[in-house]
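Asks: Based on what follows, work out the 3D shape:
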Amino acid sequence: MKYSLIILASLTVLGGCSPVGTQMRAWKGAPLNELINRVGAPSSVSADRGGYRLYHWYEDRGAVYTYGGMVNLSCDRTIGVDDDDFIISVDWRGNCIAPVDSPWARTNDTQSIGVSQ
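Replies: Here you go, the predicted structure:
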């Protein structure tokens, strides 16, 4: 149990510089429909206090075994868009994974669309 807590704490601290962060930040400035075409429909949609729409994708990959014991892999990605449906904010919670072939990995040929980061 002690090692599981250490692993989860480490994942939380490293989240800002993780491959997931790199994948998510690559979507800033992109049109929302490009993301939806790539990853599928969101799990839910809400609004923030400023009136911007927030799109949520939740995934639960279940339990996996690690050196420290069993860990439940789940991820909640949140994308904020402006009135023109361009992505203006990205956030994620949980222990998301970022394989190279992930649909969340934005390819270079689509990054020319939208505004600069």
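Asks: which residues sit in contact with Leu56?
Replies: Quick fix: residue 56 reads His, not Leu. Taking C-beta atoms under 8 Å, 6 or more residues apart in numbering, we find His56 in contact with Pro42, Ser43, Ser44, Val45, Ser46, Asp76, Arg77, Thr78, Ile79. C-beta: built from backbone N, CA, C; applies to glycine.
Asks: mind listing what the one helix or strand it maps to pairs with, with the direction of each?
Replies: Assigned by DSSP states H and E, His56 belongs to strand 53-66. Each strand paired with strand 53-66, and its direction, by DSSP bridges: strand 44-47 (antiparallel), strand 69-81 (antiparallel).
Asks: how about a markdown table for these, with mean pLDDT added?
Replies: Below are the strands paired with strand 53-66 laid out as a markdown table (pLDDT from 0 to 100):
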| stretch | mean pLDDT |
| --- | --- |
| strand 44-47 | 94 |
| strand 69-81 | 92 |
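Asks: pLDDT weak spots in this structure?
Replies: Residue ranges of the chain with pLDDT under 70: 1-18, 108-117.
Asks: how about a cut-off of 90?
Replies: Along the chain, segments meeting pLDDT under 90 span 1-19, 48-52, 60-73, 95-102, 106-117.
Asks: Residue nearest the middle of it, spatially speaking?
Replies: Arg77 (3.9 Å; C-alpha atoms, centre = their mean).
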